[in-house]
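> This is a predicted model, with the sequence first.
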Protein chains: 2
Amino acid sequence: MPTRPPSPRRPSRRPGRPSGGDAEIRAALLQTARELFLRHGFGKVGIRRIATAAGTTSAMIHYYFGDKLGLYRAMLDEAIAPLVDNLRRLESMRATAAPDLEALVSAYMRMLASNPWLPALIVHEVLDEGGQLREQFVEHFAGRLAPALVAVLERERARGLLRRDLDPRLAAISALSLCIFPFVSQPITRRVLGFSVEGEEFDRLVRHTTRLFREGVFARTEDAA
Amino acid sequence: MPTRPPSPRRPSRRPGRPSGGDAEIRAALLQTARELFLRHGFGKVGIRRIATAAGTTSAMIHYYFGDKLGLYRAMLDEAIAPLVDNLRRLESMRATAAPDLEALVSAYMRMLASNPWLPALIVHEVLDEGGQLREQFVEHFAGRLAPALVAVLERERARGLLRRDLDPRLAAISALSLCIFPFVSQPITRRVLGFSVEGEEFDRLVRHTTRLFREGVFARTEDAA
DNA sequence: CGAGTTATTAATCGGTCGATTAATATATCT
DNA sequence: AGATATATTAATCGACCGATTAATAACTCG
């Protein structure tokens, strides 16, 4: 087969730096990457698709982010920034006022509900084997949140607010389970239970969860006796 | 380049049906698929690798399972078979004896612990967006388990064993969260809390979880008064 | 105005993936 | 024994993936 001649195709743009000085391609790539991920799932979206949807080419991803992982890394950095802020607040109130476990649970559930793309990202990039953001997530977030949570529980138990036989580590895991799993499992529970995590039903979920955790974990008079 | 001559390679087996009548290749494929998946994660293992490790070729996967998804489907079918039996038992005891919620929780956690590859499969193929076993999982299992669980909770509440204000649907979600999330999040919690889900620690987890759920959900005298 | 830098496209590379096909050897049936 | 069904290997296909490179155009600075 001879090297085909210029091959008359659609009059697409030719190479070269564009005229407008804006250069918002980097931001557009991040934005459409988020959108495509939320709609189609992480594994199904390649750099070509992201680039095309963002109105550019895959080479731009390498130009701005080095490689595909660099793009994901940039996404996560933007994503967990508010979480880390929240965490810093928790860490700061070290030995001071009672961090009110119920308020803590409620705050994290509210945060998950208001970032609907976050549970899917956690499933795909943290919980899933080979998720490429696991390292970062553990280092920047989970590795700090979990010990802080255990410390809070330990302090509360020492003050007699929690059952004496309660293992703070196990209680922390239960709290995280009750907070997070309803969101990551929502695609399933919506279908098998008609369960929604929005609007009024969300409020009922929060009240139910905080109540269940409190009753399950707090000391009561007969215990203390 | 000329079509190279027979290319002297190692004296590997030639095509053709083998002599031994055993034909356990199907089982070997399922077994090594489980092992490889457990060790290296789902996304990183292709059919070639599975087949080679099982001592055969990738074409056998298509021969026995049709396609890659068929292999996963077979894995899941084997895995949840005991669950479905369990479920049938649960569905059958409709209006009769109390199904003992704590025993139920304990049984499901034990099942997850004894199939250590199952949580990762659930994450990858059910919870993850685009997971290809989600339909099957919902239809064969979750779609029946969840309503059955809700029915049990409803009945118990009607009998006054649970708090009057308890929403059975939300309580079912909490129960599932407490049962499942400690397992699917174990790759993280092992790192940030040193939490293991095996041996003695598993027993403590089960006791802790059943106790927390019971206290959080059961009616107590002061409530009934 | 000209040289160098920056941003962008198009083309392509090498690799891997799941899937298919042709050839071949054994088993089974008649 | 001969025909047909079954099980297996080797080779290959086409698609897609991430990454790289060369060409090109605009911008910047002297």
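On my side now, so go ahead.

> Can you get me a residue count around A:Ala107?
16 (other C-beta atoms under 10 Å in any protein chain shown). The way it works is simple: take the backbone N, C-alpha and C, and place the C-beta from them, glycine included.

> do the same with A:Pro15
5.

> now the one 5 residues further on
Residue crowding around A:Gly20 was assessed by other C-beta under 10 Å; the count is 7.

> Within the helices and strands, which one has it?
For A:Gly20, there is no host helix or strand (DSSP states H and E).

> what about chain A, any weak spots by pLDDT?
Within chain A, the set of residues satisfying pLDDT under 70 comprises A:1-12, A:16, A:21-23, A:93-99, A:132, A:220-225.

> Quick check: which helices or strands does whichever helix in it runs longest pack against?
If you go by DSSP state H, chain A has its longest helix at helix A:68-92. Helix A:68-92 sits against helix A:25-40, helix A:47-53, helix A:58-65, helix A:101-114, helix A:118-122, helix A:134-137, helix A:143-158, with contacts defined as 3 or more C-beta pairs under 8 Å, 6 or more residues apart in numbering or on different chains; DSSP states H and E.

> Go through those and pick out the most buried.
Highest mean neighbour count of these: helix A:118-122, a mean of 22 (counted as mean count of other C-beta atoms under 10 Å in any protein chain shown).

> So A:Ala171, which state does it fall into?
Under DSSP: H, G, I helix; E, B strand; the rest coil, A:Ala171 falls in the helix class.

> how close does it sit to DNA strand C?
40 Å (C-beta to the nearest atom of the strand, to the nearest Å).

> Tell me, how many residues neighbour that residue?
Counted with other C-beta under 10 Å, A:Ala171 comes out at 24.

> OK, contacts around it?
By C-beta atoms under 8 Å, 6 or more residues apart in numbering or on different chains, the contact list for A:Ala171 reads A:Leu153, A:Leu162, A:Val217, B:His208, B:Leu212.

> With A:Ser185 instead?
So A:Ser185 contacts B:Leu127, B:Ile173, B:Leu176, B:Ser177, B:Ile180 (C-beta under 8 Å, 6+ apart).

> mind running it again at 10 Å?
Residues counted as contacts of A:Ser185 (C-beta atoms under 10 Å, 6 or more residues apart in numbering or on different chains) are A:119, A:123, A:192-193, A:195, A:197, B:122, B:126-127, B:142, B:173, B:176-177, B:180-181, B:184.

> Could you do A:Ile25 as well?
By C-beta under 10 Å, 6+ apart, the contact list for A:Ile25 reads A:Pro18, A:Ala51, A:Ala54, A:Gly55, A:Thr56, A:Thr57, A:Met60, A:Ile61, A:Tyr63, A:Tyr64.
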